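1. Quick one: sequence plus predicted model below, questions after.
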Amino acid sequence: MNNRRRVVVTGLGAVSPVGLNTEESWKAVLDGKSGVGPITRFDSEPFSCHIAAEVKNFDPANIIESKELKKLDLFSQYGIVASDEAWKHARLNESDMPRERVGCIFGVGIGGLYQIEKYHELLLKSGPRKISPFFIPGMITNLGPGNIAIHLGLKGVNYTVTSACTSSTHAIGESFRMIRDGLQDVVVTGGSEAAVVKLGIGGFCALKALSTRNDDPERASRPFDKDRDGFVLGEGAAVLILEELEHALQRGVTPLAEVIGYGFSCDAHHITAPSPDGEGAVSCMKMAIEDSGLGLDQVQYINAHGTSTDANDSTESQAIIRVFGEELAHKLMVSSTKSMTGHLLGAAGGIEALFTTLALREQVVPPTINLEEPGEGCTLDYVPHKKREANIDVALSNSFGFGGTNATVALRRYV
């Protein structure tokens, strides 16, 4: 244990439904601003859900050459732009390190759904000769980190984690372990997703997973509220630069936060529903805390998975109580930033770890908006409506996904 290297966050980047960069996104969630609105990408009239948390006014032209854009699915474009911001934020450059010691592990839940839908329609309409040679490279998930590596010149580890809504939390955790164990010095991590297309909305509608509060979109994502009726599909990317502490200090960079623990588990219960007793969530939170070497009483904040669904919200709340006990659990601050960003699927854990890093850095907890009356089993302090200034030394970020896959990362304030 003593020879494990310390791992810190040195850069952040975001493209989200509430902002086109980290600063805009963080300000929006602290202000309690919703990124949910009517779907503009296609005619949603045939669907039961007409709302989503879309990225607005996205223009990657300053980062990605125009001739390259046609080769890239939207999820890759989001990932490249967010990574470029994080790389610059961390003040990294080619002279800082051997590129073989710098890698990218990225979470992508679905990948190029836009490309799949586009070329399937083109195939049916015009035949196979209209399929682009860039279709397969554009839609496969590993081109998320692959394109980032090409853009930044990274020659270390490079792969995608695909574990549904837990993808980018797993990616962050595995990046943390790789640096801690001395295999890499810097890893670009987080996740990206762009599934606000007809197939994406239609598939989740078929599962009856989405909110149909179509007449009031900004209030549709309401984690832990008794009137929640499903999640809101979001999109975007979030990137964290993880770096070995001494490596960062030698470059003259002050860390934003420290990653101190990682936990993972599987419910082995159901393809979409969490285990009713929250066993998997309990297990991965306990594992992350034990991995950190800290006590339960040292955690002050949890950025919850908090999806705004009946299946998740009460189960996660009760799992937190099982981990911490009644007294400590009710002293915790727990909030769901999905109430503003919607659910970014494979990128959800990335944007939430980014917000958790900033909460530790700035000593302020983002709120859970739209929480009018807590639902059954939702008894914790969810920081309703407004941000809260508070002393936060240690925080957890939770992610749970289809197939019963779970992950938690623990972060600590860097002082």
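-> Sure, I can see it.

2. quick one: stretch 89-102 to chain centroid distance?
-> Distance of stretch 89-102 from its chain centroid, counting by C-alpha atoms, centre = their mean, to the nearest Å, is 24 Å.

3. what sits against residue 82?
-> Residues near residue 82 by C-beta atoms under 8 Å, 6 or more residues apart in numbering: 13-15, 190, 192, 236-239. (C-beta placed from N, C-alpha, C; glycine too.)

4. Could you rerun that using 6 Å?
-> By C-beta atoms under 6 Å, 6 or more residues apart in numbering, the contact set of residue 82 is 13-15, 237, 239.

5. Give me the contact list for the helix or strand of the chain with the lowest mean pLDDT.
-> Sorting the helices and strands of the chain by mean pLDDT, DSSP states H and E puts helix 66-69 at the bottom, at a mean of 92. Residues from elsewhere that reach helix 66-69 (C-beta under 6 Å, 6+ apart): none.

6. can you give me the offset of that helix from its chain's centre?
-> On C-alpha atoms, centre = their mean, the centre of helix 66-69 falls 26 Å from the chain's centre.

7. Show me which residues of that helix are buried.
-> Residues of helix 66-69 classed as buried by neighbour count (16 or more other C-beta atoms under 10 Å): residue 68.

8. Tabulate the CA atom coordinates of it in PDB.
-> Output of helix 66-69 as PDB, limited to C-alpha atoms (Å, rounded to 0.1, in the frame of the first residue of the first chain):
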ATOM      1  CA  SER A  66     -13.500  20.600 -41.500                       C
ATOM      2  CA  LYS A  67     -12.300  17.700 -43.600                       C
ATOM      3  CA  GLU A  68     -12.100  15.500 -40.500                       C
ATOM      4  CA  LEU A  69     -15.600  16.300 -39.200                       C
END
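
9. Quick one: the helices in the stretch 51-200 of the chain, in order.
-> Ranges of helices within the stretch 51-200 of the chain are 66-69, 74-89, 113-126, 135-139, 143-152, 167-180, 198-206, based on DSSP state H, counting those that start in this stretch.

10. Turn the ones you listed into JSON lines, including distance to residue 269.
-> JSON lines is the format used below for these (distance: least, C-beta to C-beta, whole Å):
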{"stretch": "helix 66-69", "distance to residue 269": "42"}
{"stretch": "helix 74-89", "distance to residue 269": "29"}
{"stretch": "helix 113-126", "distance to residue 269": "26"}
{"stretch": "helix 135-139", "distance to residue 269": "30"}
{"stretch": "helix 143-152", "distance to residue 269": "29"}
{"stretch": "helix 167-180", "distance to residue 269": "18"}
{"stretch": "helix 198-206", "distance to residue 269": "20"}
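
11. With respect to burial, which of the ones you listed scores highest?
-> helix 167-180 (a mean of 28; mean count of other C-beta atoms under 10 Å).

12. how close does residue 268 get to residue 280?
-> Per C-beta to C-beta, to the nearest Å, residue 268 is found 8 Å from residue 280.

13. Now for those two: what residues contact both?
-> With C-beta under 6 Å, 6+ apart as the test, residue 268 and residue 280 both reach residue 404.

14. Show me the domain layout of this protein.
-> 7-250, 261-412 (automatic domain parsing).

15. before we move on, back to that, cross the contacts of residue 82 against strands and list the overlap.
-> 13-15, 237, 239 (DSSP state E).

16. Which two of those residues have the greatest separation?
-> 15 and 239 (9.2 Å; C-beta to C-beta).

17. neighbour count winner among these two?
-> Neighbours were tallied for residue 15 and for residue 239 using other C-beta atoms under 10 Å; the higher tally belongs to residue 239 (35 against 30).

18. Return the residues in contact with that one.
-> Neighbouring residues of residue 239 by C-beta under 6 Å, 6+ apart: 13, 82-83, 86, 190.

19. With that, I have no additional questions.
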